[in-house]
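A.B. asks: what shape does this take:
(one chain, ligands or ions: 2)
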Amino acid sequence: MILRTVRTLPPESVPFHLAVGRILAEPVVARHDVPSFANSAMDGFAVRAADVSTPGAVLEILEEVAAGQVATVAVAEGQATKIMTGAPMPEGADTVVRVEDTEEDNGKVRVATSLAAGTSVRPTGGDVVAGATVFEKGTRLSEPHIGVLATIGVVEPVVSRRPRVAVMSTGDELVPPETEELGPGLIRDSNRPMLLALVAGAGAEPFDMGRIPDDADSLRAALGQAAVEADAIVTSGGVSMGEFDVTKLVLRDEAEVEFFPVAMKPGKPQGFGTLGGTPFFGLPGNPVSVLVSFEQFMRPALLAMQGANALLRPRLVGVAGQDFHSDPSKEEFIRVAFMGDEAPPTVVQTGGSGSHVLSGAADADAFAVLPVNVDTIEKGDRVTLELFRAVETRVIERD
Ligand code: AMP
Ligand code: MG
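C.D. replies: Ligands and ions are numbered 1, 2, ... in the order given. As a prediction, this is how the structure comes out:
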């Protein structure tokens with residue numbers, strides 16, 4: 001339903017050094033071969049393979065070519081040209097002997113090995129062929145993509161515009177995170193900073209609309225502004241069955257917004273729809289529910305709005321390092337960490353199971369996904385893992 005609702009945003013060109021995380025709005029086609037000329041993969045001597053079919057050949061050295069230079073004479077029978085890595089192959093030569101396998105003496109070079117034709121030569125088009133589609137439309141650009149774009153002179157790739165996302169939290173109990181002393185019954189607003197970061201991590205551009213009290217008029221005003229200014233809106237809190245669940249109260253009568261329970265844990269109460277045509281995500285209030293529902297519903301939507309081909313995080317099968325229990329009527333997303341680095345990974349739960357235990361989610365590497373109709377996964381059983389973050393985990397001991 002969400003993916004049917006959201007629309008891909010229009011394309012724009014961006015300088016390639018700012019394009020990491022952006023999604024190609026059109027395919028990238030190579031205008032020339034890479035390498036565009038055959039060149040040496042080693043420092044050594046460019047030779048004719050026919051001359052080095054047996055070890056011990058002695059060849060006359062013609063000249064020396066460094067990277068950026070071009071040979072002035074062709075290599076003929078019995079001859080060699082000294083060549084550096086990246087320098088173009090001279091006419092006539094088809095093979096490079098590495099300098100380690102040679103001895104140079106008085107204008108001659110003795111080649112200690114025999115070599116097959118093409119050894120240590122990087123052929124024309126060996127990386128990218130002229131006219132080929134190098135990257136498909138919908139590819140999310142990573143650092144090596146930027147390097148490849150540079151090799152073919154694409155300095156301003158055409159990508160989809162980033163969705164501008166209005167982020168607001170609701171709740172009379174919320175105070176700004178920087179508050180010195182918490183008054184009775186008050187908590188720091190953690191969902192909004194986390195959502196701002198999650199939105200940015202999905203390649204979108206968040207803007208902060210602050211904390212909204214549990215007051216219908218305040219929320220209505222904020223949503224009205226967001227519907228005009230944003231490409232998508234996300235709220236946290238106020239979507240369940242409580243008397244002060246203001247998000248639901250305000251939007252209950254909107255024709256284009258629905259509130260419904262989803263058979264998942266955490267994240268059961270959800271709201272979704274459009275406000276003046278702008279996609280609206282009414283996430284629950286519990287912080288772990290926010291994380292899980294963002295991952296399941298909003299992140300794929302934001303990627304779809306950017307035209308991405310792949311919308312879902314990677315999944316792999318791991319091994320339960322403990323018993324896991326789940327309500328069989330719901331799909332459950334348990335926060336787990338890898339024990340060690342063996343494959344398949346063995347996982348254990350981090351922190352408590354409550355949807356308020358955000359520190360456990362911070363320690364997790366993955367969600368263990370327990371599908372509907374499963375109530376127990378026993379220690380040693382296979383379990384589906386959804387990798388929702390991949391950061392450095394290996395430690396180097398230093399003194
Ligand atoms: P609600 O869905 O509004 O009833 O909120 C569910 C739970 O999440 C309550 O314990 C709230 O205090 C808590 N909560 C709601 N919004 C936030 C927030 N922005 N930051 C941290 N906790 C929140
Ligand atoms: Mg609330």
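
A.B. asks: the strands in the stretch 101-250 of the chain, which residues?
C.D. replies: Secondary structure of the stretch 101-250 of the chain (DSSP state E, counting those that start in this stretch): strands at 102-105, 108-111, 121-122, 133-135, 158-160, 164-170, 174-175, 187-188, 205-212, 232-236.

A.B. asks: buried residues in the fifth one, which are they?
C.D. replies: The reference is to strand 158-160. Val158, Val159, Ser160 (16 or more other Cβ atoms under 10 Å). In short, each C-beta sits where N, CA and C put it, glycine included.

A.B. asks: would you turn these into a markdown table with distance to ligand 2 and pLDDT?
C.D. replies: Below are the buried residues of strand 158-160 laid out as a markdown table (distance: Cβ to the ion, whole Å; pLDDT from 0 to 100):
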| residue | distance to ligand 2 | pLDDT |
| --- | --- | --- |
| Val158 | 42 | 98 |
| Val159 | 37 | 98 |
| Ser160 | 34 | 98 |
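
A.B. asks: residue in the stretch 201-350 of the chain nearest to ligand 1?
C.D. replies: Going by Cβ to the nearest ligand atom, ligand 1 is nearest to Gly285 of the stretch 201-350 of the chain, at 2.3 Å.

A.B. asks: that residue in helix, strand or coil?
C.D. replies: coil (DSSP: H, G, I helix; E, B strand; the rest coil).

A.B. asks: isn't it right up against Gly171?
C.D. replies: Yes: look at Gly285 against Gly171 with Cβ atoms under 8 Å: they come within range, at 6.5 Å.

A.B. asks: any residues in contact with both of the two?
C.D. replies: Gly237, Gly238 (Cβ atoms under 8 Å, 6 or more residues apart in numbering).

A.B. asks: enumerate the positions of the helix or strand Ala368 falls within that are buried.
C.D. replies: Assigned by DSSP states H and E, Ala368 falls within strand 366-370. The neighbour-count check on strand 366-370 (16+ other Cβ under 10 Å) flags Ala366, Phe367, Ala368, Val369, Leu370 as buried.

A.B. asks: so for Gly285 and Gly171, which sits in the more crowded spot?
C.D. replies: More crowded of Gly285 and Gly171, by other Cβ atoms under 10 Å: Gly285, with 24 against 20.

A.B. asks: name the nearest residue to the more buried one, ignoring sequence neighbours.
C.D. replies: Excluding the flanking residues, the one nearest Gly285 by Cβ to Cβ, 6 or more residues apart in numbering is Gly237, at 3.3 Å.

A.B. asks: wait, the one you found touches Asp172, no?
C.D. replies: No: under the criterion of Cβ under 8 Å, Gly237 makes no contact with Asp172, lying 10.0 Å away.

A.B. asks: which of the two has more neighbours?
C.D. replies: Gly237 (30 against 14).

A.B. asks: and the gap between the residue lying closest to Gln69 once chain neighbours are set aside and ligand 1?
C.D. replies: Leaving aside its chain neighbours, Gln69 sits nearest to Ala87 (6.2 Å; criterion: Cβ to Cβ, 6+ apart). Noted for Ala87: a distance of 61 Å to ligand 1, by Cβ to the nearest ligand atom, to the nearest Å.

A.B. asks: just so I know, which of the strands of the stretch 101-250 of the chain lies nearest Pro55?
C.D. replies: Pro55 lies closest to strand 108-111 among those, at 7.2 Å (Cβ to Cβ).

A.B. asks: what are the phi and psi values at Ala41?
C.D. replies: phi -90, psi 0 (degrees, to the nearest 10).

A.B. asks: between the two ends of stretch 344-352, how far is it?
C.D. replies: Terminal residues of stretch 344-352 lie 24 Å apart, using Cα to Cα, to the nearest Å.

A.B. asks: actually stretch 335-345, sorry about that
C.D. replies: Span of stretch 335-345 from end to end, Cα to Cα: 14 Å.

A.B. asks: residues of that stretch that come out buried?
C.D. replies: For stretch 335-345, using 16+ other Cβ under 10 Å, the buried residues are Arg335, Val336, Ala337, Phe338, Pro345.

A.B. asks: how about the residues of this protein near ligand 1?
C.D. replies: 169, 171, 173-174, 187, 189-192, 236-238, 240, 242, 284-287 (Cβ under 6 Å from any ligand atom).

A.B. asks: contacts with ligand 2 among those, please.
C.D. replies: Contacts with ligand 2 within the residues of the chain next to ligand 1, counted by Cβ under 5 Å from the ion: Gly171, Gly237, Gly238, Gly285.

A.B. asks: who are the contact partners of the third one?
C.D. replies: Residues near Gly238 by Cβ under 8 Å, 6+ apart: Thr170, Gly171, Asp214, Leu219, Phe244, Asp245, Val246, Thr247, Lys248, Leu249, Gly282, Gly285.

A.B. asks: pull out the buried members of these.
C.D. replies: Thr170, Gly171, Asp214, Leu219, Asp245, Val246, Thr247, Lys248, Gly282, Gly285.

A.B. asks: filter those down to the ones in helices?
C.D. replies: Leu219, Val246, Thr247, Lys248 (DSSP state H).

A.B. asks: can you list the buried residues of strand 366-370 in a markdown table and add pLDDT and distance to Ile377?
C.D. replies: Below are those laid out as a markdown table (pLDDT from 0 to 100; distance: Cβ to Cβ, whole Å):
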| residue | pLDDT | distance to Ile377 |
| --- | --- | --- |
| Ala366 | 97 | 14 |
| Phe367 | 98 | 13 |
| Ala368 | 98 | 8 |
| Val369 | 98 | 10 |
| Leu370 | 98 | 6 |
